[in-house]
Structure formats: C-alpha cells, structure tokens
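> predicted structure and sequence below. I'll ask about it afterward.
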Amino acid sequence: MKLILLGAPGSGKGTQGPAIKERYGICHLSTGDMLREAVAKGTPSGQKAKAVMEAGGLVNDDIVFGVLKEAISKDECKKGYIIDGLPRTSQQAEKLEQIGIKVDKVLNFNVPDDVIVERATGRWIHLASGRTYHTKFVPPKVAGKDDVTGEPLIQRKDDQRDVVTKRLALFHEQIAGIKSFYTSRGLLVDINGNQAPDKVRTAIDKVLSGIRH
Ligand code: AMP
C-alpha cells in the first residue's frame, strides 16, 4: 500500500502517519523528519537545509528528493510506504510521478487555520522516536520529558507562532494546485482532521480498507 498524506503543518499527519505505519506494517517517510535528522547529523544536505527550515521556507527539491529516494529504496519499504510532507508544490507532485512513484490514495487532512496555530505552538517532540506531545491536548506524564525514554522533549523553532503563520501562508499558496493534480487522477480523499485522533484514525481506516494490500 502506497499513500501520500497532505495537509497543513500541524494537521495531524505526524500523529496519523506513524499510526498507519504500525497498523499496516509499511514505512512512514516524513520528509520533515528526514531533513531534521540530516540537520542533526550535520550531513551536507542537512547543512544546506538548516537555515531554510528554521525560517519556515521550502528546502531545495534536489535535497528533498534525495532524502526521499534514499529512504524509499530500503528493504523495509518494499511492502509499501506513507509519504508525509511531500509534495509541497505542484511541481513536486509532477516530479514524484515522473520518477515513478505511484500511490493508491492521497489523504488530504482538513483543519481550520486557528486550530493549526494552537496545535503547532503547543507541540513538543521526542526527536529520536518522532513521538509528539501537546502541552494542552496530549501532555507528557512528566513535563518536558518523553513518556517512554524519559529523554528531554524539544520544541521545533518552526513551531513558533510567526513561523507557523508563514508556513500556513505558503501552504495555502500551494495546496489548491496539488489538490487539483490528485483530484484529476482520482486519488484525492478528504479526511476531517478537526476531530479527536481516534476519530481521524477510524476515518482513515475506512478509506484504507478499500485498498488491496
Ligand atoms: P514538516 O515537518 O513536514 O513540517 O517539515 C519541516 C520543514 O522541512 C518544512 O518547513 C520545510 O522547510 C522542510 N520540508 C519538508 N518537506 C519539504 C518538501 N517536500 N519540500 C521542501 N521543503 C520541505
């Protein structure tokens, strides 16, 4: 099963992506996570991407497609994958298709902007595992610590209010073109992301139950 998750930053892709991975045994390929890892490791791609990411801009296509292609070719992704965070532009959607990446469905998470801002600005993550928390909605058992490892949680620079607003504006500039690209291919499915995570999960399962895997 091959999927793309579309939605604004903070629309729930980062919560639902790992959950789909667990349930269906496929890879979760988050371009944001992979880029953050490259930045943390100080790889050449990471060094180039760092400043753009912190400012909430879009990283160069060569770098983004580079990290995606490397990850997708791994054995563990043979059963399928969830691409999360890409495409961010219609050009990236076309490029994905050109390099032979064909998916079964594109899940489009709809969430109003004010909800997105509240979610993003309260979000804390455990870098090593990708587990996410929220000071109001999903607080960790101990403030600032990961529930499983007890390691410190971090707040992403790009979850700060001014950067979130910029990322949302960028998202709105691009999303219409991406949606029409996938609608014309009969792949787009809207998911109401403005509900409790388990309800979003049920909505996703309903869509995925119709796909052979
Ligand atoms: P995310 O975790 O998906 O919100 O991504 C974090 C940051 O990584 C974004 O704000 C961009 O700077 C960069 N990024 C992630 N995916 C892409 C992409 N497909 N194209 C360009 N930049 C990206």
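Structure's in. What do you need? Predicted, not measured: the structure shown is a model, and the values here were computed from it.

> mean confidence for the strand or helix carrying K50?
If you go by DSSP states H and E, K50 is part of helix 44-54. When pLDDT is averaged over helix 44-54, the result is 93.

> likewise for stretch 29-39?
Here stretch 29-39 scores 94 as its mean pLDDT.

> near the ligand, anything from it?
Yes: applying C-beta under 6 Å from any ligand atom, one finds stretch 29-39 in contact with the ligand at T31, G32, L35. C-beta coordinates here come from the backbone N, C-alpha and C atoms, glycine included.

> point out the residues in this structure that sit beside the ligand.
9, 31-32, 35, 52-53, 56-59, 64, 85-86, 88, 92, 158, 167.

> cutoff 8 Å now
Counting by C-beta under 8 Å from any ligand atom, the positions of the chain adjacent to the ligand are 9-10, 13-14, 30-33, 35-36, 49, 52-53, 55-61, 64, 84-89, 92, 156, 158, 167.

> need the residues of stretch 29-39 next to the ligand in CSV (columns: distance to E118).
Output for those, formatted as CSV (distance: C-beta to C-beta, whole Å):
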residue, distance to E118
T31, 24
G32, 19
L35, 25
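
> by neighbour count, which of the residues you listed wins?
Counting neighbours by other C-beta atoms under 10 Å, L35 leads these with 23 neighbours.

> restricted to strands, list the residues of the chain next to the ligand.
The strands, defined by DSSP state E, take in S30, D84 from the residues of the chain next to the ligand.

> of the residues of the chain next to the ligand, grab the buried ones for PyMOL.
Buried residues among the residues of the chain next to the ligand (16 or more other C-beta atoms under 10 Å), as a PyMOL selection:
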select buried, resi 9+10+13+14+30+31+32+33+35+36+49+53+56+59+64+84+85+86+87+88+89+92+156+158+167
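
> tell me how many other residues crowd R23.
R23 has 12 neighbouring residues, counting by other C-beta under 10 Å.

> need the three-state assignment for it.
What DSSP: H, G, I helix; E, B strand; the rest coil gives for R23 is helix.

> who are the contact partners of it?
By C-beta atoms under 8 Å, 6 or more residues apart in numbering, the residues touching R23 are D205.

> now do it against the ligand, distance only.
Between R23 and the ligand the computed distance is 21 Å (C-beta to the nearest ligand atom, to the nearest Å).

> once you drop chain neighbours, what's closest to the residue located most distally from the centre of the chain?
Farthest-out residue of the chain from its mean C-alpha position, per C-alpha atoms, centre = their mean: V142, at 25.8 Å. Leaving aside its sequence neighbours, V142 sits nearest to G150 (C-beta to C-beta, 6 or more residues apart in numbering; 7.5 Å).
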